[in-house]
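Engineer: 3D model of this:
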Amino acid sequence: MGSLLAGSNVTSTILSGLGSPPPTPLTTLLGMSEQPHTPMWQYVTRRFTKFLNNIRLTDPQIEDGTTKHSGVRNCLNSHYWGYASDTDNSFLIGSWGKDTRVRPSRDVDVLFLLPEAVFHRFQQRTGNRQSQLLQEVKSVLGATYSQTAMRGDGQVVVVPFNTIPVEVSPGFRCNDGSIIVCDTNGGGRYVTSTAEAEAADLAASDKVFGGSTRHLAQMLKQWQRHCNVPLKSFWIERLAVQFMLNYQHAHQDYFYYDWFTRDFLAYLISQANGHIIMPGTYDVIPLGEEWLSRADLTDILDRADWEATAW
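Structural biologist: Predicted coordinates:
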C-alpha cells in the first residue's frame, strides 16, 4: 500500500498512528475545530454519533420502503401460494436484510420462494427456463404494478416505484436447506444464493463487536456513494467482516471510529487485486483495483465533504 500513500504529510500523520496512542483525529484533519485550545478528541464520539444518525433512513423512508415491499410480497403470495401475506415465503436481503442501509436507500431487495411445483413446471420447458420464469413473475407483478421491468443482469424483477424500487429475486428452497435463484446469463441456470449466509456472518460479527461492524459498513457505503467508488455494496460488507476479525481495536466503539475508517482504508488498499470468498458457496470474487485511488487517504481528504456533509 506504500506507493499510493507515499509523499503526503497528512497521510503520513494518519498512518504513523497504527498500533500506537491515538493520532490526530479525523475531525481535526478535516478542519472541523469547534473551539480553540480544546482537545479535538472530545468531539469524536459526538461527531460519529451524529454522522451515523444522519445517514440512517428516516422513519418515513422506512415506512415507505416497508409499504412497497409488503405489497409486492403480498401480490406474489396471493398468486403462487393462494393466500395473502406480506411476510410468508420471502425475506429481505441486501442492505434491508442486513440492516446496513444508508439514506436515501437505492432499493429494497426481496428473495421470494416459489412452490416446488413451479420449479418442475419450468423444468419441462426448453430454452432459457430461468428467463421464462422471470418473465412469468414479471407478468404476475405487472398485473398489479404496470411499470414492472426486468433488470439487465437477468437475476431480478424490478418494480420501479417512484420513491424506492423493489427488486425481487425468485428462488426455490432445496432439500438441503440451500436456496437456488435464477441467472438468465449464458443460456440460463440456477445459482446458489449466499444471502442467508452473508446476513448470518455479518450479524455474528456485529454481535461480537458490539454493533461496530454494521456501523463500519454504513460509513463505508456513504464513502462509496459520495466518492463514486466502483466497489459493490456486498463486497464492502464482506470486507468489513473480514477486517474486523483481526482488527486490534474491533471491540472499541464510536471514540475509535476515526481509527476504524483510517485503518480499514489501509487494509482495503492492501487487498488490491485480491479477492473475497462468499460464505456458503465459497465462490471467489476478484476485487480488481479500479477503486484503488478512491481508497487513497489523500484523495479522500480532497473529497472530505463525503463525511463533512453528513455531520
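
Engineer: from memory Leu111 sits against Val181, does it?
Structural biologist: Yes: using CB atoms under 8 Å, Leu111 makes contact with Val181 at a distance of 7.1 Å. The way it works is simple: take the backbone N, C-alpha and C, and place the C-beta from them, glycine included.

Engineer: this protein: strands as residue ranges?
Structural biologist: Secondary structure of the chain, counting by DSSP state E: strands at 90-93, 108-113, 149-150, 157-159, 166-173, 179-183, 189-192, 275-277, 284-286.

Engineer: just those strands: most buried one?
Structural biologist: strand 157-159 (a mean of 24; mean count of other CB atoms under 10 Å).

Engineer: what mean pLDDT does that one get?
Structural biologist: Here strand 157-159 scores 95 as its mean pLDDT.

Engineer: residues contacting that strand, please?
Structural biologist: With contacts defined as CB atoms under 8 Å, 6 or more residues apart in numbering, strand 157-159 is touched by 68, 72, 107, 134, 137-138, 141, 145, 147-151, 165-168, 170.

Engineer: redo that, cut-off 7 Å
Structural biologist: 72, 134, 137-138, 141, 145, 148-151, 165-168 (CB atoms under 7 Å, 6 or more residues apart in numbering).

Engineer: any residues in contact with both of Leu111 and Val181?
Structural biologist: Ser169, Gly171, Ser193.

Engineer: quick revisit: and the contacts of strand 157-159 as a markdown table, adding distance to Tyr80 and pLDDT?
Structural biologist: Formatted as a markdown table, the contacts of strand 157-159 follow (distance: CB to CB, whole Å; pLDDT from 0 to 100):
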| residue | distance to Tyr80 | pLDDT |
| --- | --- | --- |
| Val72 | 12 | 97 |
| Leu134 | 14 | 96 |
| Val137 | 9 | 96 |
| Lys138 | 13 | 94 |
| Leu141 | 11 | 95 |
| Tyr145 | 16 | 93 |
| Thr148 | 16 | 84 |
| Ala149 | 20 | 84 |
| Met150 | 18 | 75 |
| Arg151 | 20 | 73 |
| Pro165 | 21 | 95 |
| Val166 | 16 | 96 |
| Glu167 | 18 | 96 |
| Val168 | 12 | 97 |
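
Engineer: which one of these is nearest to Pro279?
Structural biologist: Checking the contacts of strand 157-159 against Pro279 with CB to CB, the nearest one is Glu167 at 21.1 Å.

Engineer: go ahead and confirm that closest one touches Gln155.
Structural biologist: No: taking CB atoms under 7 Å as the definition, Glu167 is not a contact partner of Gln155, at 9.0 Å.

Engineer: determine the longest helix present in this structure.
Structural biologist: helix 59-80 (DSSP state H).

Engineer: what's that one packed up against?
Structural biologist: Secondary-structure packing of helix 59-80 (3 or more CB pairs under 7 Å, 6 or more residues apart in numbering; DSSP states H and E): strand 108-113, helix 129-142, strand 166-173.

Engineer: what about 8 Å?
Structural biologist: strand 90-93, strand 108-113, helix 129-142, strand 166-173 (3 or more CB pairs under 8 Å, 6 or more residues apart in numbering; DSSP states H and E).

Engineer: shaky segments in the stretch 201-311 of the chain?
Structural biologist: 297-311 (pLDDT under 70).

Engineer: can you give me the helices in it?
Structural biologist: Assigned by DSSP state H, counting those that start in this stretch, the stretch 201-311 of the chain shows helices spanning 212-226, 233-245, 257-270, 292-295, 297-302, 305-308.

Engineer: in a markdown table: the ones you listed, plus distance to Ala197 and mean neighbour count.
Structural biologist: Below are those laid out as a markdown table (distance: least, CB to CB, whole Å; neighbours: other CB atoms under 10 Å):
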| stretch | distance to Ala197 | mean neighbour count |
| --- | --- | --- |
| helix 212-226 | 15 | 22 |
| helix 233-245 | 11 | 21 |
| helix 257-270 | 22 | 21 |
| helix 292-295 | 26 | 19 |
| helix 297-302 | 31 | 18 |
| helix 305-308 | 30 | 16 |
